[in-house]
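J.: I'll drop the sequence and a predicted model, then ask my questions.
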Amino acid sequence: MTSTVARHRVCLIVDNPLRDLDGLVLVAFELARRGVEAILVPMYEQVFDVPALRPDLVLVNYVRANNRDAVRLYREQGIRIGVLDTEGAGGKSAEEFAALVKSTVEGTAVDLYCVWGEAQYAAFRAQRVVPETVLRLTGCPRYDFCAAPWRETLPAADTPGYVLINTNFPTVNPKFSSGAGDERAAMMKAGFSAEFAERYVAAAHRAQREIIELIGRLVRRLPALRFVLRPHPFESTAPYRSLESGGNLRVIQSGTSLQWLKDCCALLHLNCSTALEAVMLGREPVTPQWINEEVLSVPIAQAVSRCAGDENALAALLSQAAEGSMPAADASLRDVRDRSLRDPYFRIDGLASARVADAVVESIRSPLSAGSARVSLRGRLVSAARRGLGYRLSTAAKALVPSRRRAPNVAAAKAFSLDAVRDLLGRLARVSGSPEPGAEWMRGGRRLSGLSIRISSRD
């Protein structure tokens, strides 16, 4: 551990709490152990809370077109900019991901960029995405919960031994938008061609329909097995509810993917990156390969999985997993899994959060990096309006514009509670033997949202 840095403050931006909160709480825990105050800031509230709190560094979840002005305005205030990209493996090759980040981060001064794995680190260096002096190979903190000692903090399932089914169809079964048309437009805005978006959406519709029919047959065919179906956090659960009628399947959308993977006997998925998380936790991922289509394919998720060629083979694999009789992975599959984890994820050693915390401390101690940070006129006007109105009035004004109004379920999905944060901090302290940091809401001042949580040592 590095030596203590006193009276410094860091904001950690939380995008999707169900996916990201635990890892960022662990980073905050590590920062508190180093004497640094960490503040968990909801992504939608960052444009109010970060300028009001004036931290030494803000660790953003990405730099893209939609937040570039905000990041550049932070820098104008003298706030260091760090990035821990929540989509660090993202289904793209390391080279594709590096090119995407380079296209969006250019012109923005960055003081720290934490990357997930060796392949991505090499691609960032080769393409000169950011200055090499600010690039750090850390791994991703949320996967620290796959390794000792943090794995022991994952809540236990009431009845382990189920088959976990993870579906991954947010594009055609969206939870937060009005339909696939919105998601098709979002894909095009992200840089995909209209032709690719159309093909992807059509293939995803077919695949989801076939997966639902397959699960219905498996539930009836294997009545002694218990199934837990966990849709992607951005999926609607509605299309899957009818599958619960058989009594041996339930649909859940709470808890983290790691929590549910830890106590399953096998993971059934189609092109879902949780296949790699299953391998991290020593669980077997299985995929119905005959349903897959090239436009949907996530090669790394397939590569680490047991690929069933038909329904009979799939049913046999799941039965073997439930009975504990599935043959061990052969040397070829073990080698593929080792490489598939090392290249995108670096080390699954429980230390990514500590590496991020050390990198943050180092950045705080270093001078601001060089670089221009031009902010658009629109960005300046919007920022000035926010400062003048404050959080409550700005939020109320935004709600008056239908196109800018945030759906209640979106806001709820992005929120996190003080009780949940305190509960996790208590579990981290017990497992590590370290003092438990304090946690409290950040209140006061009309510019603050009141939804951010401060974590700091009690000394």
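T.: Alright, I've got the coordinates. Numbering: from 1, shown residues only.

J.: which stretches of the chain have low pLDDT?
T.: 1-6, 88-92, 177-182, 189-191, 372-373, 402-413 (pLDDT under 70).

J.: How about the secondary structure of residue 455?
T.: Three-state assignment for residue 455 (DSSP: H, G, I helix; E, B strand; the rest coil): strand.

J.: Okay, and the beta partners of it?
T.: Judged by DSSP bridges, the bridge partners of residue 455 are residue 38, residue 439.

J.: dump the residue contacts of it.
T.: 25, 28-29, 31-32, 37-40, 421, 425, 437-439 (Cβ atoms under 8 Å, 6 or more residues apart in numbering). From N, CA and C alone the C-beta is placed, and that goes for glycine too.

J.: between those, which is closest to residue 322?
T.: residue 25 (33.4 Å; Cβ to Cβ).

J.: Now name the helix or strand holding the nearest residue to the closest one once chain neighbours are set aside.
T.: Closest residue in space to residue 25, ignoring its immediate chain neighbours: residue 424 at 5.0 Å, by Cβ to Cβ, 6 or more residues apart in numbering. Residue 424 is part of helix 418-432, with elements assigned from DSSP states H and E.

J.: returning to that earlier point: surely the residue nearest to residue 25 touches residue 153?
T.: Yes - counting by Cβ atoms under 8 Å, residue 153 is a contact partner of residue 424 at 7.1 Å.

J.: What is the longest helix of the chain by residue count?
T.: If you go by DSSP state H, the chain has its longest helix at helix 194-221.

J.: List the buried residues of that one.
T.: Across helix 194-221, burial judged by 16 or more other Cβ atoms under 10 Å covers 197, 199-201, 203-204, 207-208, 211-212, 214-216, 218-219.

J.: what does stretch 241-251 give?
T.: Applying 16+ other Cβ under 10 Å to stretch 241-251 flags 243, 248, 249, 251 as buried.

J.: from what I can see the first one touches residue 237, true?
T.: No - shown here, residue 243 and residue 237 do not form a contact pair, counting by Cβ under 8 Å, at 10.4 Å.

J.: Give me the contact list for stretch 120-137.
T.: With Cβ under 8 Å, 6+ apart, stretch 120-137 has contacts from 88-89, 94-95, 97-99, 101-102, 105, 110-115, 117-118, 344, 346, 355, 359, 363, 369.

J.: what about residue 264, distance to residue 316?
T.: 18 Å (Cβ to Cβ, to the nearest Å).

J.: quick one, what contacts residue 345?
T.: Per Cβ under 8 Å, 6+ apart, neighbours of residue 345: 89, 116, 117, 139, 140, 143, 276, 280.

J.: Could you tell me how many residues sit around the fourth one?
T.: I take that to be residue 139. By the criterion of other Cβ atoms under 10 Å, residue 139 has 26 neighbours.

J.: Could you do the second one as well?
T.: Neighbour count of residue 116, defined by other Cβ under 10 Å: 25.

J.: rewinding a little: now the contacts of stretch 120-137: which count as buried?
T.: Buried, going by 16+ other Cβ under 10 Å: 88-89, 94, 97-98, 101, 105, 110-115, 117-118, 344, 346, 355, 359, 363, 369, out of those.

J.: so of the residues you listed, which ones are in helices?
T.: Using DSSP H, the buried ones among the contacts of stretch 120-137 in helices are 94, 97, 98, 101, 105, 118, 344, 355, 359, 363.

J.: Can you tell me how far the second one is from residue 103?
T.: Right, the one you point to is residue 97. 11 Å.

J.: again with residue 79
T.: As judged by Cβ to Cβ, residue 79 and residue 103 stand 23 Å apart.

J.: for residue 248, same thing?
T.: For residue 248, the distance to residue 103 - Cβ to Cβ - is 48 Å.

J.: re the thing from before, state the next helix or strand along the chain beyond the longest helix of the chain.
T.: strand 227-231.

J.: That following strand: partners in the sheet, and parallel or antiparallel?
T.: Strand 227-231 has these strand partners (DSSP bridges): strand 162-167 (parallel), strand 249-251 (parallel).

J.: could I have the longest one exported to CSV, CA atoms only?
T.: Extracted C-alpha coordinates of strand 162-167, given in CSV (Å, rounded to 0.1, in the frame of the first residue of the first chain):
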residue,chain,number,x,y,z
TYR,A,162,-29.4,-23.9,-9.9
VAL,A,163,-28.8,-23.4,-13.7
LEU,A,164,-28.4,-19.6,-14.2
ILE,A,165,-29.7,-18.3,-17.5
ASN,A,166,-28.4,-14.9,-18.5
THR,A,167,-30.2,-13.3,-21.5
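
J.: what's next to that strand, contact-wise?
T.: 173, 208, 211, 215, 225-232, 235, 240, 257, 260-261, 263-270, 272, 274, 318, 321-322.

J.: can you check stretch 206-220 too?
T.: 165, 167, 169, 172-173, 227, 229, 239-240, 242-243, 246, 248-249, 270, 288, 291-293, 296, 311, 314-315, 318.

J.: try it again with 10 Å
T.: Stretch 206-220 is contacted from outside by 163, 165, 167-169, 171-173, 225-227, 229, 235, 239-240, 242-249, 268-271, 288, 290-293, 295-296, 311, 314-315, 318, using Cβ atoms under 10 Å, 6 or more residues apart in numbering.

J.: quick one: the strands in the stretch 251-400 of the chain?
T.: Assigned by DSSP state E, counting those that start in this stretch, the stretch 251-400 of the chain shows strands spanning 264-269, 284-288, 306-308.

J.: Could you dump the ones you listed into TSV with mean neighbour count and distance to residue 186 added?
T.: Conversion of the strands of the stretch 251-400 of the chain to TSV gives the following (neighbours: other Cβ atoms under 10 Å; distance: least, Cβ to Cβ, whole Å):
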stretch	mean neighbour count	distance to residue 186
strand 264-269	25	23
strand 284-288	23	26
strand 306-308	19	30
